[in-house]
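S.K.: Can you look at this prediction? I've put the sequence above it.
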Amino acid sequence: MTTLENKKAFARRFDDAIHKAAPGLNEMFNHVVSRDFNPHSDLDFLKVFKLLYKGTYPDIKTVGRWRTGKSIPQETFRPRICELLSVSWRDLELGYMNPRTASNYSSGIEIEQELRAYPRLTASLQIDPAIEHLPPPVRETVKQQIDGVNALIKVLIEQQRPD
């Protein structure tokens, strides 16, 4: 995918994530503004963003550029956007959303095209930071299982295919 195509795909996923998060955003928005949150409004998104986060925030033109596919958020805004929309940056950037919640925008074709752009990725399972909320014995068991699977993956990757 070209850079422009990546930006357009991001914009579709970003818009989709805003629509999915709208009920929760609406609840926050109603406490401050006497009307419902409009998921199509850049200004409403920006107002909720400002409500939740202190410090630097994007201007209305920047939010508009994200939603129209003209740009992708700077690194400084990404964690806050993900927290606000309850989605990972990987989901927004590459479209790897849970199939149950994925939109029409993150189709298998799109994901397949994006994966071709990263042919040298090392295969391994990653442990979600939320694992730290598990009781210590369970957490250690899960970590051991993941380490075992990663060791198996490494062996399988290093094996040469028969000609």
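M.R.: Right, received. Where do you want to start? What you see is a predicted model, and the numbers here were worked out from it, not measured in a lab.

S.K.: and the helix or strand that E140 is a member of, how far from the chain's centre?
M.R.: E140 belongs to helix 136-158 when assigned by DSSP states H and E. In terms of CA atoms, centre = their mean, to the nearest Å, the centre of helix 136-158 is set 25 Å apart from its chain centre.

S.K.: Alpha carbons only: can I get stretch 7-22 in PDB?
M.R.: Presented in PDB, the C-alpha positions along stretch 7-22 are these (Å, rounded to 0.1, in the frame of the first residue of the first chain):
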ATOM      1  CA  LYS A   7      -3.500   7.300   5.400                       C
ATOM      2  CA  LYS A   8      -6.900   6.700   3.800                       C
ATOM      3  CA  ALA A   9      -7.200   3.200   5.400                       C
ATOM      4  CA  PHE A  10      -6.200   4.700   8.800                       C
ATOM      5  CA  ALA A  11      -8.900   7.400   8.400                       C
ATOM      6  CA  ARG A  12     -11.600   4.800   7.700                       C
ATOM      7  CA  ARG A  13     -10.500   2.700  10.800                       C
ATOM      8  CA  PHE A  14     -10.200   5.900  12.900                       C
ATOM      9  CA  ASP A  15     -13.700   7.000  11.900                       C
ATOM     10  CA  ASP A  16     -15.000   3.500  12.600                       C
ATOM     11  CA  ALA A  17     -13.400   3.400  16.000                       C
ATOM     12  CA  ILE A  18     -15.000   6.800  16.900                       C
ATOM     13  CA  HIS A  19     -18.400   5.400  15.900                       C
ATOM     14  CA  LYS A  20     -17.900   2.300  18.000                       C
ATOM     15  CA  ALA A  21     -16.800   4.400  21.000                       C
ATOM     16  CA  ALA A  22     -19.600   7.000  20.500                       C
END
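
S.K.: And that stretch, how far out from the chain middle?
M.R.: Distance, centroid of stretch 7-22 to centroid of chain: 10 Å (CA atoms, centre = their mean).

S.K.: Would you mind confirming that A17 is in contact with L85?
M.R.: Yes. Under the criterion of CB atoms under 8 Å, A17 makes contact with L85 at 4.3 Å. C-beta coordinates here come from the backbone N, C-alpha and C atoms, glycine included.

S.K.: what's the overlap in contacts for these two?
M.R.: Counting by CB atoms under 8 Å, 6 or more residues apart in numbering, the residues touching both A17 and L85 are L92.

S.K.: need the helices for this structure, in chain order.
M.R.: 3-32, 42-52, 60-68, 78-85, 89-94, 108-116, 136-158 (DSSP state H).
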